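Undergrad: I'd like to go over a predicted model; first the sequence, then the structure.
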Amino acid sequence: MENYESEISSLDLEDESTHFLNSNSDRPSENNLEGILDEDAMDTRSELKFERDVETEEEKEKRKRIEAALGNQQTTLKTWEELAKSKCGLVGDDLRCAVWPLLLEVDPSTDERIPSLEELSVHPEYQQVVLDVNRSLKRFPPGIPYEQRLALQDQLTVLILRVIIKYPHLRYYQGYHDVAITFLLVVGEVVAFRIMEKLSINNLRECMEPTMEKTDYRLNYIYALLYNVDRDLYNFMDTAGVGTMFALPWYLTWFGHSLNQYKDVVRLYDYFLASPPLMPLYVATSLVVYRRSEIFAEDCDMASIHCRLSHIPDNVDFETILVKAEKYYKDYPPNKLEKLVKKRVERELAKHKKMRNIRGPVTIWGRLNNHVPAWMVFSRRSRLGLIFATATVLIAYLYYVKFGDVRMPFLRLKNSKHSAE
């Protein structure tokens, strides 16, 4: 756990006020609704989408409600939020393409010039972004032709670099590409840039700071919430010393990296786009509570519980999880959890300092920086990735030694800057 000397800045979690969305540029009229819902009208969307399930009767009814709202000039932001959060979400990507920009009130105009990949290749983050994008094959539609995949990868690289160039105070982190690719696949590169731009300066802002202090701090809300909603589960996990690292990729990628089912990813994105910025932590807690029987079936030790939580089954009922998360947020908003979070962080920091037996302000990293070539020295954000990867390997090894069989779900490891895995 990193140090927490800096004061944690508070996020504005107040509900957005509702108002009418009647601008021609922001709202589709009844006459042009058909064009908005037509996938062929989008210039950069992938033609090969993930396999689409047959819609249930409930989903068909929800679709009719959404289409009616799109054709109504008086539909409010509150209505869009309710439609996105309620059961079945926004149903299909054709509807998401129209509603996601409305939820964030972004301008979908296409008049801004998109720079070429070659122009952006001089950016210092370019190589890291390319590496991460090239490793994100599972996020692309299955069976996609090689040439089309390469084109989408280039679009994704350009999308990410455009944001961090426009906002130089924001730092790219590994896992950011998992968020960006979801929007690229659904709405195309033009609108995806508008969405990522807004999310980066709001919802994802703390994750894009030079250090991970605030992100580490936020993950402790999971334990503060568990303490209130399931004390037995809290005690079990706290005694085992599980920590918060299992939830890091969940929070950094809005679960996009950790889920195998595309429909689950976009359903959660519907919900998060209509919710306060810290809602992913409440969904993470609800998911942990949902799996409490699995957790209690493990021995009370870090390795086994961490490995269990790091793998999310494909059959998870996210609608149930989202209902619980909504109740948790209503009963225990972030301001009510703050005292418990600070107490836990102070306790963990004291334990960490005791274990490391800190003897002075000069750390081993400081000494290394003075005595090894620059190319061998890790930045602070790179060290987080190395520490997490090392910790995960150690946990996996302990699990293997304990059970000596093939029960261990292998974790995907990446030794790179600010690892989300």
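TA: Here it is on my side, so go on. None of the values given here were measured: they were computed from a predicted structure.
Undergrad: which ones are touching residue 292?
TA: Residue 292 makes contact with 230, 233, according to CB atoms under 8 Å, 6 or more residues apart in numbering. Quick note: C-beta positions are derived from backbone N, CA and C, even for glycine.
Undergrad: which residues touch residue 159?
TA: 180, 184, 189, 192-193, 196 are the contacts of residue 159 under CB under 8 Å, 6+ apart.
Undergrad: now the element after the helix or strand encompassing it, going C-ward?
TA: Element membership for residue 159 (DSSP states H and E) is helix 146-166. Tracing the chain past helix 146-166, the next element assigned as helix or strand by DSSP H and E is helix 176-200.
Undergrad: just the angle between that following helix and helix 146-166, please?
TA: Relative orientation of helix 176-200 and helix 146-166, computed by axes from the mean of the first three to the mean of the last three CA atoms, to 10 degrees: 40 degrees.
Undergrad: mean confidence for helix 176-200?
TA: In this model, helix 176-200 has an average pLDDT of 96.
Undergrad: show me what it is packed up against.
TA: Helices and strands touching helix 176-200, by 3 or more CB pairs under 8 Å, 6 or more residues apart in numbering; DSSP states H and E, are helix 93-104, helix 126-134, helix 146-166, helix 248-253, helix 262-273.
Undergrad: ok, which of the ones you listed comes nearest residue 58?
TA: The closest of these to residue 58 is helix 262-273. By CB to CB, the value is 13.6 Å.
Undergrad: need the next SSE after the closest one, C-terminal direction.
TA: Once helix 262-273 ends, the next helix or strand along the chain (criterion: DSSP H and E) is helix 279-290.
Undergrad: and that following helix with helix 262-273, angle?
TA: Counting by the same axes, to 10 degrees, helix 279-290 points 130 degrees away from the direction of helix 262-273.
Undergrad: would you mind writing the CA trace of helix 279-290 as CSV?
TA: Provided in CSV are the C-alpha atoms of helix 279-290 (Å, rounded to 0.1, in the frame of the first residue of the first chain):
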residue,chain,number,x,y,z
MET,A,279,-20.6,3.6,-8.0
PRO,A,280,-18.1,1.0,-9.4
LEU,A,281,-16.9,0.5,-5.8
TYR,A,282,-20.4,-0.2,-4.6
VAL,A,283,-20.9,-2.7,-7.5
ALA,A,284,-17.6,-4.3,-6.5
THR,A,285,-18.8,-4.7,-2.9
SER,A,286,-22.2,-6.1,-4.1
LEU,A,287,-20.3,-8.6,-6.2
VAL,A,288,-18.2,-9.7,-3.2
VAL,A,289,-21.4,-10.1,-1.1
TYR,A,290,-23.1,-12.0,-3.9
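Undergrad: what is the rounded mean pLDDT of the helix or strand just after it?
TA: Counting by DSSP H and E, the element after helix 279-290 in chain order, helix or strand, is helix 292-296. Mean per-residue pLDDT for helix 292-296: 97.
Undergrad: quick check: next helix or strand after helix 292-296?
TA: Counting by DSSP H and E, what follows helix 292-296 is helix 302-310.
Undergrad: okay, buried residues for the helix holding residue 159 please.
TA: 152-153, 155-164 (16 or more other CB atoms under 10 Å).
Undergrad: over to stretch 260-280?
TA: 262-280.
Undergrad: from one end of it to the other, what's the distance?
TA: End-to-end distance of stretch 260-280 (CA to CA, to the nearest Å): 18 Å.
Undergrad: so what touches that stretch?
TA: Contacts to stretch 260-280, defined as CB under 8 Å, 6+ apart, come from residues 11, 13, 15, 50, 53, 80-82, 84-85, 89-90, 93, 96, 100, 103-104, 138, 182, 186, 202-203, 218, 221, 250-251, 254-256, 259, 283, 314, 316, 318, 322, 325, 329, 334.
Undergrad: just put the buried residues of helix 146-166 in JSON lines and tack on pLDDT and distance to residue 235.
TA: Shown next, in JSON lines, are the buried residues of helix 146-166 (pLDDT from 0 to 100; distance: CB to CB, whole Å):
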{"residue": "152", "pLDDT": "92", "distance to residue 235": "46"}
{"residue": "153", "pLDDT": "94", "distance to residue 235": "46"}
{"residue": "155", "pLDDT": "95", "distance to residue 235": "48"}
{"residue": "156", "pLDDT": "96", "distance to residue 235": "43"}
{"residue": "157", "pLDDT": "96", "distance to residue 235": "45"}
{"residue": "158", "pLDDT": "96", "distance to residue 235": "48"}
{"residue": "159", "pLDDT": "96", "distance to residue 235": "44"}
{"residue": "160", "pLDDT": "97", "distance to residue 235": "41"}
{"residue": "161", "pLDDT": "96", "distance to residue 235": "46"}
{"residue": "162", "pLDDT": "96", "distance to residue 235": "47"}
{"residue": "163", "pLDDT": "96", "distance to residue 235": "42"}
{"residue": "164", "pLDDT": "95", "distance to residue 235": "42"}
